[in-house]
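Provided below for reference: sequence and predicted model.
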Amino acid sequence: MVPILLLGVPGAGKGTQAKRLVLRYNIPHLSTGDMFREMANSGSPLGVQVLADMRAGNLVSDATVCELVALRLQREDCRQGYILDGFPRTLAQAQWLQGFWASSLPLGGNPIVIYLTVGYNDLYRRLLGRRSCSQCGRIYNEFTQPPRQAGLCDLDQTPLVQRKDDDPAVIRERLSAYEEQTLPLVEFFRKQARLLEVSGTEPVDRVSEKIFATIENAGRENASRANAKGEPA
């Protein structure tokens, strides 16, 4: 296995694909939000800084975020691969990650960067119509994947809820922020010859098939290079 990075606008399907990757490969899906909360409760000097930033509503600095991610990626459960979603968010973070990969992966490694693309009209409908079950976490869409009974989860009949950040005004802000902050990352990784572009408007199963095939081909290539040099893959 190799590290997997998911890029895409909010609502492109990163969360859905991440869950499928976890199930198929039994590797962790890493969230910077979870890292922040864990570190803030740790009482360490880094945790104190993160907690202070969170309480003040400040953005955590690139240096602090990268330090936090580095600590998480060095844990035992990441040795066989991991999924990053939500990091990096800035070009400085992407440059740090590239350096981390170059220094830490066997044979230099070949991480897979997957960019899920979705047209803005389709995306707007996805976000505006998105509903989720607060009990089991299953996601629906009033336009494209409605529940059998309006407003209720198919599995446990729990009333479905809309996320606050799926409000139309918030959607516009999120897309604007994405264009400004994240699209430069797409170009950065494209120049590194690491980017796989997959249409997120294709059926979910088809998107998964493309991602699985790419990951498994990369694993075979890494193993072949390692064998050629007499090193462990």
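Cool, got the structure. Numbers count the residues shown, from 1 in each chain.

where along this structure do the strands fall?
Here the chain has its strands, by DSSP state E, at 4-8, 29-30, 83-85, 112-117, 130-133, 139-141, 160-161, 195-199.

Now do the first one: which elements does it pack against?
Okay, so that is strand 4-8. The contact analysis (3 or more C-beta pairs under 8 Å, 6 or more residues apart in numbering; DSSP states H and E) places strand 4-8 against helix 14-25, strand 83-85, strand 112-117, helix 183-191. C-beta: built from backbone N, CA, C; applies to glycine.

Pairing partners for the second one, with directions?
It refers to strand 83-85. Strand 83-85 has the following strand partners under DSSP bridges: strand 4-8 (parallel), strand 29-30 (parallel).

Can I get the ones you listed in CSV including mean pLDDT?
Listed next are those as CSV, based on pLDDT from 0 to 100:
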stretch, mean pLDDT
strand 4-8, 92
strand 29-30, 93
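
quick one: the helices in the protein?
Along the chain, counting by DSSP state H, helices occupy 14-25, 32-40, 45-56, 62-73, 91-104, 120-129, 168-181, 183-191, 204-228.

Is it possible to get the ones you listed out as TSV so that each row also shows mean pLDDT and mean neighbour count?
TSV is the format used below for those (pLDDT from 0 to 100; neighbours: other C-beta atoms under 10 Å):
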stretch	mean pLDDT	mean neighbour count
helix 14-25	92	17
helix 32-40	82	17
helix 45-56	79	14
helix 62-73	91	17
helix 91-104	92	16
helix 120-129	79	17
helix 168-181	78	13
helix 183-191	91	15
helix 204-228	80	14
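
is it possible to export those to TSV including distance to Thr144?
Listed next are the helices of the chain as TSV, based on distance: least, C-beta to C-beta, whole Å:
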stretch	distance to Thr144
helix 14-25	12
helix 32-40	26
helix 45-56	35
helix 62-73	33
helix 91-104	31
helix 120-129	7
helix 168-181	16
helix 183-191	25
helix 204-228	10
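
closest one to Gly151 among those?
Among the helices of the chain, helix 120-129 comes nearest to Gly151, with 12.5 Å by C-beta to C-beta.
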